[in-house]
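S.K.: Pasting the sequence and the predicted model now:
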Amino acid sequence: MKNIFLKEEFHFMEGARSRWRELKYVGGVVYQFVKGFRALHFIGPCITVFGSARFKEDHPYYQLARDVSSKVSQLGFTVMTGGGPGIMEAANRGAQEAGGPSVGCNIVLPHEQHPNPYLDKYVNIEYFFVRKELLRKYSFGIITLPGGFGTLDELFETITLIQTGKIKRFPVVIMGIEYHQHIQEHIRTMTLEGTISPDDEELILFTDDVDEAIEHIRRHAEKSKILKLQPPRKANWVLGEKSLKRQA
């Protein structure tokens, strides 16, 4: 099944195809969304952590992700990531160590990305755009640590959706000031050139201070009452559903 989806996505960008092949592709997309909905329906309000899969355990950014995710769990949020190694593993690990729920939305690649061992629940998704929508759908906010093209894609697509009013405004935190210094400078350049509004800079908090990041998220959480307005959903055993249980 995995190879079928990868092949379909590869050929989708070739332009117009037969109506039947296009319909099959749409059906595969719908299937992936339904699969994600079923897997993630009970995870509760999340903070999603983005970051590179390539940082090892001894890297300072790995520890930073682990520390901030532990504090996120203590606020009462589920920590969700892309489910892979590196920063994602560190975030899921920090959540589990704090006794909080740890969830992953893993992407299936030609050279398969394996889910990390610190997940209470995860789902494998074949399409990047479906995965990004699922990561946003269940998130009250995002924390972005250093990463590559994929991390920046996830970050700036989310900011664009907030900026254009397509989704509600929520906390966006970028950590790793030195790594992101040129991005921060470019955002200021865009403001000076008028390609974004001065208010758009306020959509993002740049910080390396874990407590400042957590306080930023906490203020938004208290204002929106997100943790109080979303009571735990009950699983329907007839549909084969299982609730996500917090670690003992």
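M.R.: Now that the structure is in, tell me what you want to look at.

S.K.: When you work out contacts or count neighbours from here on, use the C-alpha atoms and nothing else.
M.R.: OK.

S.K.: Looking at stretch 151-161 now, give me its mean pLDDT.
M.R.: Stretch 151-161 shows an average pLDDT of 97 in the prediction.

S.K.: From the chain's centroid, how far away is that stretch?
M.R.: Remark: stretch 151-161 is offset 10 Å from the chain centroid, using Cα atoms, centre = their mean, to the nearest Å.

S.K.: Can you name the residues in contact with it?
M.R.: 50-52, 132, 136, 144, 167, 172, 203 (Cα atoms under 8 Å, 6 or more residues apart in numbering).

S.K.: out of those, which is most surrounded?
M.R.: Highest neighbour count within the contacts of stretch 151-161: residue 51, with 31 neighbours (other Cα atoms under 10 Å).

S.K.: returning to that earlier point: just put the contacts of stretch 151-161 in a markdown table and tack on pLDDT, secondary structure and distance to residue 70.
M.R.: Formatted as a markdown table, the contacts of stretch 151-161 follow (pLDDT from 0 to 100; DSSP: H, G, I helix; E, B strand; the rest coil; distance: Cα to Cα, whole Å):
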| residue | pLDDT | secondary structure | distance to residue 70 |
| --- | --- | --- | --- |
| 50 | 98 | strand | 15 |
| 51 | 97 | coil | 16 |
| 52 | 96 | coil | 18 |
| 132 | 96 | helix | 23 |
| 136 | 95 | helix | 20 |
| 144 | 98 | strand | 15 |
| 167 | 93 | coil | 27 |
| 172 | 97 | strand | 17 |
| 203 | 96 | helix | 24 |
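
S.K.: Which of these sits closest to residue 28?
M.R.: residue 132 (16.1 Å; Cα to Cα).

S.K.: ok now do the closest one, which residues does it touch?
M.R.: So residue 132 contacts residue 154 (Cα under 8 Å, 6+ apart).

S.K.: got it, and the one 3 residues further on?
M.R.: With contact taken as Cα under 8 Å, 6+ apart, residue 135 is in contact with 48, 80-82, 105.
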